[in-house]
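Peer 1: My questions are about this predicted structure, shown below with the sequence.
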Amino acid sequence: MAIEIDGLTVLRAIVATPLIFPDAAAEINSLARKLVAGQLKPTTTNLERLRDIYRVIGGEVFAHVLEGQADSTSAALVKKLDKDNPDLKTAPAVRLRQLLVELASGAAEPVGKPVKPAPSKPKTSGKAKAAALTVEQKAIGATLKDKGISLEKARAIWRNAGEENFKLVLGGLTEKQTADLAKRLDKDNSELKGATSDWCRQRIADLARAAAEPVFKNIMESKAMAAKRTTTPEAN
């Protein structure tokens, strides 16, 4: 009968002495991925546990583990954690994994149950006019519609003008202007093709508040953009 060993002690020893165990790295990486994935099961994971796992292993590792997870498992997990989110019914697997990362990091919260609308009041004569935009809001709109808009500029607007002003102006853009802005900020994102205006607005807002990053065609472009954000001082 085999005698049980202290697995954690052995693993620590192997990790601490890589020269003695040169072939162990690949197996340790595979084991680590398997162990984390085993904790992300819909039947045993709640939002608190998901966030604990994210906090312990870090966002980058968490995202890599999700990439190796079956689409059906990711779908079942996010539907359990965000069951009242209407977007889940039609969202592709990439979006579901992205939402799991946002929920785990705290960048997003589960959608609450829809509230039944109150009985509508009798219509009054005359149409209500939309509130006029302030000078600042008009300037924000002009910048967002500019063909030279960049992610850095969009994030600077979010920081300086605030969430309320940004979303108010964004909601006033036409469908075409909204789609054009989303493509300029996230040009390599294949999900933009055929996406609704509401989805595009949410994507723009997520990018502007740094809750999401653009999709890149290749890893070199992604690293270059990350390095640029690290070395470029933020706008006042």
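Peer 2: Received, thanks.
Peer 1: Poorly predicted segments of the chain, please.
Peer 2: 1-2, 114-116, 121-131, 217-236 (pLDDT under 70).
Peer 1: Please compute how far the helix or strand in which Glu152 is found lies from its chain's middle.
Peer 2: Per DSSP states H and E, Glu152 falls inside helix 151-161. Distance of helix 151-161 from its chain centroid, counting by C-alpha atoms, centre = their mean, to the nearest Å, is 18 Å.
Peer 1: tell me which strands and helices that helix is in contact with?
Peer 2: helix 135-145, helix 197-208 (3 or more C-beta pairs under 8 Å, 6 or more residues apart in numbering; DSSP states H and E). The C-beta positions use only the backbone N, C-alpha and C, and glycine is treated the same way.
Peer 1: how far away is the nearest residue to Asn165 once chain neighbours are set aside from Ser72?
Peer 2: Closest residue to Asn165 apart from its sequence neighbours, by C-beta to C-beta, 6 or more residues apart in numbering: Gln137 at 5.9 Å. Gln137 sits 44 Å away from Ser72, going by C-beta to C-beta, to the nearest Å.
Peer 1: what about the two, which has more around it?
Peer 2: Gln137 (17 against 10; other C-beta atoms under 10 Å).
Peer 1: thought Lys187 was touching Leu207?
Peer 2: No. With contact defined as C-beta atoms under 8 Å, Lys187 does not count as touching Leu207 (11.6 Å).
Peer 1: which of these two has more neighbours?
Peer 2: Leu207 (21 against 12).
Peer 1: Roughly how far does the nearest residue to that one once chain neighbours are set aside sit from Ala142?
Peer 2: Leaving aside its sequence neighbours, Leu207 sits nearest to Leu185 (C-beta to C-beta, 6+ apart; 5.2 Å). Using C-beta to C-beta, we find Leu185 at a distance of 16 Å from Ala142.
Peer 1: For Ser120, grab the count of nearby residues.
Peer 2: With other C-beta under 10 Å as criterion, Ser120 counts 6.
Peer 1: three-state assignment of it?
Peer 2: coil (DSSP: H, G, I helix; E, B strand; the rest coil).
Peer 1: now swap in Asp52 and tell me
Peer 2: helix.
Peer 1: what's the answer for Phe21, then?
Peer 2: Phe21 is classified as coil under three-state DSSP.
Peer 1: tell me the contacts of the nearest residue to it once chain neighbours are set aside?
Peer 2: Leaving aside its sequence neighbours, Phe21 sits nearest to Ile14 (C-beta to C-beta, 6+ apart; 4.7 Å). Residues near Ile14 by C-beta atoms under 8 Å, 6 or more residues apart in numbering: Ile20, Phe21, Ala24, Ile28.
Peer 1: residues touching the first one, list them.
Peer 2: By that I understand Ile20. Ile14.
Peer 1: what do you get for Arg155?
Peer 2: Residues in contact with Arg155, defined by C-beta under 8 Å, 6+ apart, are Leu207, Ala208, Arg209, Ala210.
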